[in-house]
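Enquirer: Compute the structure for the input listed below.
(chains A and B)
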Amino acid sequence: MCGIIGITSLQGNFREPIGKVVRRCLERLEYRGYDSVGIAVIRGSSIEVRKGKGKIAEVSVRLSFDEVDGLTAVGHTRWATHGKPSDENAHPHTDCTGGVAVVHNGIISNFLELKEELTRKGHVFRSETDTEVLAHLIEEYLRMGYKPFDAFKAALSKIRGAYAFVVAMAQEPNRLYFARNTSPLVIGIGNGANFIASDIPAFLEFTNTVIVLRDGEYGYIEPGKVYIERDGVPANVEERIRLISWTPEMASKEGYPHFMLKEIHEQPIAINSTLAGIDEKAFNEVVNAILNSRKVFILGAGTSYHAGLIGDYLFTSMLGLDTHTLISSEYKKYLNSISDGDIAIAISQSGETIDTLVAIRAFRERGAKIVAVSNVIDSAIPRESNYVIYTRAGPEIGVAATKTFTTQLVVLTVLALKMGIAMGKLTNNEYRGMMDLLNKVPNLVQGVMTNVEGKVKALSGYISRKQSTYYLSRGIGVPLSMEGALKLKEIAYIHAEAYPAGESKHGPIALVEGGYPVVFSILDDDNVDALLGNVMEMKARDAYTIGLVPEKYVGKFKELLSVTLEMPNIDYRVAPIVYVIPMQLLAYYTAVAKGYDPDKPRNLAKTVTVE
Amino acid sequence: MGYSREVIGVVLGGGKGTNMEPLTPHLEKSLIRLLGKPLIYYPIKNLAQLGLRRMYVISRNPQRISNELGRYFEGVSLESIGQGGDDLNSALKMVKEVSGKGTTLISFGDVVLPQEAYELALNSHVNSGKAITVLMTPLSDLQGYFEVEVVDGVVINKVSTHKSGYAWTGILVTERDFLNSLYELDGDINGALRLFRSNVNVALWSGWFVDVSYPWDLLSAIKYLLSDLSEARVSKDADISPKAMVEGPVIIDAGAKVDHGAIIRGPVYIGNDVYVGNNAITRNNTSLEEGAVIGADAEITESLIGRKATVGRGSFIGSSIIGDESTIEPGVVTLNVLPTGVEVSHLSPVIIKGKQLAKLGAIVGPGTRIGANSVIYPGSIVEANKYIQPLSILK
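Expert: I've put the predicted structure just below:
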């Protein structure tokens, strides 16, 4: 997932250098990715490229984007999924002459053979990316005497895969070529400038007149001109024009009122990509490292800590490992007990969480090996770790972690299963059965979402009038409940406490009165009967009991529950990935019912970079 | 390049309102008044606020709709046209005839949604570049609603059982080629959705939504419509006694008179020429429509009192709908608290002292007279133009 922008303008159209305009457009695309960024501006008979690894705010200052002036420019912001972010791999990519600059979103599936062929013809590649082949292909055709548009079309005909391209050529300083196949691309028609971008928000500051391109279309923009073609047939440009009337922020949510709801709904896809992207080699290295270690520490903050506790449950109960899970900022307690031969798994969505970073530095100093689990490739924590496992949830914009939590659970569960095989705690059949189940999780998540979203929305009306709630369970359901409670606290601003259900009578039940909401997570494990008793004791105090119940136990619990949310019958080791969905939705809808913006909870930031 | 394409709005107002009896067929559903405006005014207002300037209303009684709506919208071309058949398909089929070359936004005339929902639908549509966008919203009980199912393609079906899922909000944003297919398929929306399979966009609305298909839905609609109100709006031509107490968000229109000692506790709407008598209490999401009369010492809460209806001295009306020109004689009591454990669908739950109770009063058809000191049990429905003897007990 990457963000693309291209601009062609008339002299004097912008009252500032075009580099600054491109930089602002790219900032609007930051939600598509932010690990590296670059711009290319046509200047006279050559193209000036400035690009580098890092966030837009930082790179644009370092490389003075704002000073580059010209009339035609392209820009790109990258989110690496394969190949690490680096200065060389940042877009735009150029050909050998520097006369062709390409930005790209998507994957060129036949790039290896194209690259080989071009290398044989003497082209020199400077990056590891697939994108660069298009620049050299165009160069090749230009050298053969093709006109620029023909060279572009000829190059496209060679390329297989999913893509959105924008290409600048020094020979035609007022024109940008584009092509779309699967990856999105939108044209913006302005006064004295035309735009082409992966998303509308990029240029919404300048124009609200747009044409959304369709698959298989290609063409070019100039200031005052748009040309679109498909299979050689020109499209009727006038008929395709639409006017839009919304803020840049709304456009990027793609049919959802908030990023958080979008990201909740993206979880089936995020889990799928994480499963598909499992790097066997990396996992095996981590498995070996853990096998050869004495103690296992797991650390994280907030939601990542809860994911860690669930991983801990599997490591301890299923594998019998000596596991200690801690909140990153509390690492000092353990310093005295860490030595060579220990291993620590550090979980951080952003890979930049300062508390976790500080903790792993201290752990490393005392000889522990570090395994990073992160969603951002080559971020600080992965860089300072011995081993890295990536979740592939895509960029997460909502402050409340949702899809990054479930994908963290996926990688921790897979890790536990692989450990199980290596330690002889699981048979091959058990392992395969569990992996099959994990592969079904995206569908299960989708099914649960469809079944419960309406019920949860109705329930949120009740919860939104409450000041306090409990989230109770036993076993692996306890950290799951902690995550549910955190969600409600952080975005709906309702006090929520999670504790093991057996603790009720040791104190907390004193708070329960008529109508007090208690959310029970009942999993298909050996705690069902004990939890039945815990639900009864809450019911006896007239609590408002809400239960996440496996289908086969619905009959057993229904009478005791004010609200029953039916869950699939699923192995308890995988269940948290599915059970957290209604909890995320409950927090979301409660926040909406109370009139709060779930994407911007007060006092919170997405990445915590201060201790 | 000064080209622009107007989005055209089409509001389908032809619902028969069979479930709305006894309020219909005396009055068409789309013309039932809420906060002083006919129900169909609300979707049209949403479209107008979206910036649409050309709209069509398809209904079975175009002349009457046109007479009722004409006065509200300036600068908007609003044309009222007759519907061929009386089902949804025949209305959908007609949309093509009024649509232009560009985008057309279709909305049900009996759906009440906040402005943001319309913005979401249109934005998502343009952003997607698809031929059609369906706006849906999660609902705990889909019975009586259209369900949107998204599994390898999109299907919209009426639901007759109790189940949770996504309801169609009645909003479609379409392009010309989709409407052409809809026309060729005689308005069969699922046929057209199948045809456009990979070219269908779905947007998910997470805020409030009321599809008025049962009378009780009118009470939810009042509650939500008043929820946007944050201040009192009192006409300078209303006559409010200095001894009356008005608090919270209220709208009081011209010609209304609120007498000494009356208490108005918002959110409340008081229409043109309404009279509220001495010491009467009007509170919590109540709408008193044009010309209604509330007698001294009466109490009205969470109710809709129709045009020129009269509530007699000392009556209590709660969670109820009193039809136009009905008369409630003095001392009538509507009981509105259901015992716990009674399930009522299409009703918003109300919380009292930490317990969730379903509140449900009575529906009194238009032109009916309820005799003095009668007691009406929860959920009672009294037909239109009836006379009920004093001291009756209605269950």
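
Enquirer: Let's test this: name the helix or strand in the chain with the lowest mean pLDDT.
Expert: I went with chain A, as the question did not name one. Lowest on mean pLDDT, DSSP states H and E among the helices and strands of chain A sits helix A:248-251, with a mean of 60.

Enquirer: not what I meant, chain B
Expert: Least confident helix or strand of chain B, by mean pLDDT, DSSP H and E, is strand B:350-352 with a mean of 40.

Enquirer: Surely B:V11 touches B:D110?
Expert: No: using Cβ atoms under 8 Å, B:V11 makes no contact with B:D110, being 9.7 Å away. To be clear about C-beta, it is placed using only N, CA and C from the backbone, and glycine gets the same treatment.

Enquirer: Give the ranges of residues in the stretch 51-200 of chain A that sit below the confidence cut-off.
Expert: Where the stretch 51-200 of chain A drops to pLDDT under 70, the residues are A:81-83.

Enquirer: what about the residue of the stretch 201-350 of chain A found nearest chain B, how many residues close to it?
Expert: Using Cβ to the nearest Cβ, A:V212 is the residue of the stretch 201-350 of chain A that sits closest to chain B, at 2.9 Å. Using other Cβ atoms under 10 Å in any protein chain shown, the number of residues around A:V212 comes to 19.

Enquirer: For it, give me the pLDDT.
Expert: With respect to pLDDT, A:V212 has a value of 86.

Enquirer: Apart from its neighbours in sequence, what residue is nearest it?
Expert: B:G129 (2.9 Å; Cβ to Cβ, 6 or more residues apart in numbering or on different chains).

Enquirer: likewise A:N272?
Expert: Distances taken as Cβ to Cβ, 6+ apart place A:P442 nearest to A:N272, at 4.8 Å, with adjacent residues excluded.

Enquirer: Extract the CA atoms of stretch A:173-188 and return them as PDB.
Expert: Once non-C-alpha atoms are left out, stretch A:173-188 reads as follows in PDB (Å, rounded to 0.1, in the frame of the first residue of the first chain):
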ATOM      1  CA  PRO A 173       8.000  18.600 -19.400                       C
ATOM      2  CA  ASN A 174       4.300  19.500 -19.200                       C
ATOM      3  CA  ARG A 175       2.800  16.000 -19.200                       C
ATOM      4  CA  LEU A 176       2.400  13.100 -16.800                       C
ATOM      5  CA  TYR A 177       1.500   9.600 -18.000                       C
ATOM      6  CA  PHE A 178      -0.600   7.200 -15.900                       C
ATOM      7  CA  ALA A 179      -2.000   3.700 -16.000                       C
ATOM      8  CA  ARG A 180      -4.300   1.800 -13.600                       C
ATOM      9  CA  ASN A 181      -4.800  -1.900 -13.200                       C
ATOM     10  CA  THR A 182      -6.400  -2.900  -9.900                       C
ATOM     11  CA  SER A 183      -4.600  -0.300  -7.700                       C
ATOM     12  CA  PRO A 184      -6.600   2.900  -7.400                       C
ATOM     13  CA  LEU A 185      -5.900   6.100  -9.300                       C
ATOM     14  CA  VAL A 186      -7.900   9.300  -9.500                       C
ATOM     15  CA  ILE A 187      -7.600  12.400 -11.600                       C
ATOM     16  CA  GLY A 188      -8.200  15.900 -10.100                       C
END
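
Enquirer: Give me the buried positions along it.
Expert: Neighbour-count burial for stretch A:173-188, counted by 16 or more other Cβ atoms under 10 Å in any protein chain shown, picks out A:173-181, A:183-188.

Enquirer: what do you get for stretch B:158-178?
Expert: B:159, B:164-175, B:178.

Enquirer: And for stretch A:75-87?
Expert: For stretch A:75-87, by 16+ other Cβ under 10 Å, it's A:G75, A:H76, A:T77, A:R78, A:W79, A:A80, A:P85, A:S86.

Enquirer: Closest one of the residues you listed to A:E238?
Expert: Distance to A:E238 across those (Cβ to Cβ) is lowest for A:G75, with 28.0 Å.

Enquirer: Direction included, what does the host helix or strand of the closest one pair up with?
Expert: Here A:G75, judged by DSSP states H and E, is contained in strand A:72-78. Sheet pairing for strand A:72-78, assigned by DSSP bridges, gives strand A:3-9 (antiparallel), strand A:36-43 (antiparallel).

Enquirer: which residues sit against the first one?
Expert: By Cβ atoms under 8 Å, 6 or more residues apart in numbering or on different chains, the list of residues contacting strand A:3-9 from outside reads A:18, A:21-22, A:25-26, A:29-30, A:32-33, A:71-77, A:103-105, A:164, A:166, A:168, A:174-176, A:178, A:185, A:192-199, A:202-203, A:221-223.

Enquirer: Just the ones in helices from these, please.
Expert: Judged by DSSP state H, helices contain the following of the contacts of strand A:3-9: A:I18, A:V21, A:V22, A:C25, A:L26.

Enquirer: count of residues packed around the fourth one?
Expert: I take that to be A:C25. Using other Cβ under 10 Å: A:C25 sits among 29 other residues.

Enquirer: show me the contacts for it.
Expert: So A:C25 contacts A:I5, A:I7, A:G75, A:F195, A:A197, A:A202, A:F203, A:E205 (Cβ under 8 Å, 6+ apart).

Enquirer: hmm, which two among those residues are most spread apart?
Expert: Spatial extent of the contacts of A:C25 (Cβ to Cβ) is set by the pair A:G75 and A:E205 at 14.0 Å.

Enquirer: export the buried residues of stretch B:158-178 to CSV and tack on pLDDT, secondary structure and distance to B:D217?
Expert: Below are these laid out as CSV (pLDDT from 0 to 100; DSSP: H, G, I helix; E, B strand; the rest coil; distance: Cβ to Cβ, whole Å):
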residue, pLDDT, secondary structure, distance to B:D217
B:V159, 90, coil, 16
B:S164, 91, coil, 18
B:G165, 94, strand, 19
B:Y166, 96, strand, 18
B:A167, 95, strand, 13
B:W168, 96, strand, 16
B:T169, 95, strand, 14
B:G170, 92, strand, 13
B:I171, 96, strand, 17
B:L172, 96, strand, 21
B:V173, 95, strand, 24
B:T174, 95, strand, 26
B:E175, 92, coil, 31
B:F178, 95, helix, 29
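
Enquirer: ok, those residues vs chain A, which is closest?
Expert: B:S164 (4.1 Å).

Enquirer: Can you read off the backbone torsions of the closest one?
Expert: B:S164 adopts backbone torsions of phi -100, psi 150, taken as degrees, to the nearest 10.

Enquirer: residue contacts, it?
Expert: Each residue near B:S164 by Cβ under 8 Å, 6+ apart is listed here: A:N451, A:V452, A:E453, A:G454, A:K455, B:P138, B:L139, B:S140, B:D141, B:L142.

Enquirer: Show the pLDDT at the fifth one.
Expert: By that I understand A:K455. On the pLDDT scale, A:K455 gets 94.

Enquirer: got a list of what it touches?
Expert: Going by Cβ under 8 Å, 6+ apart, A:K455 touches A:V563, A:L565, B:S140, B:S164.

Enquirer: That one - that's part of a helix, no?
Expert: Yes: assessed with DSSP: H, G, I helix; E, B strand; the rest coil, A:K455 lies in a helix.
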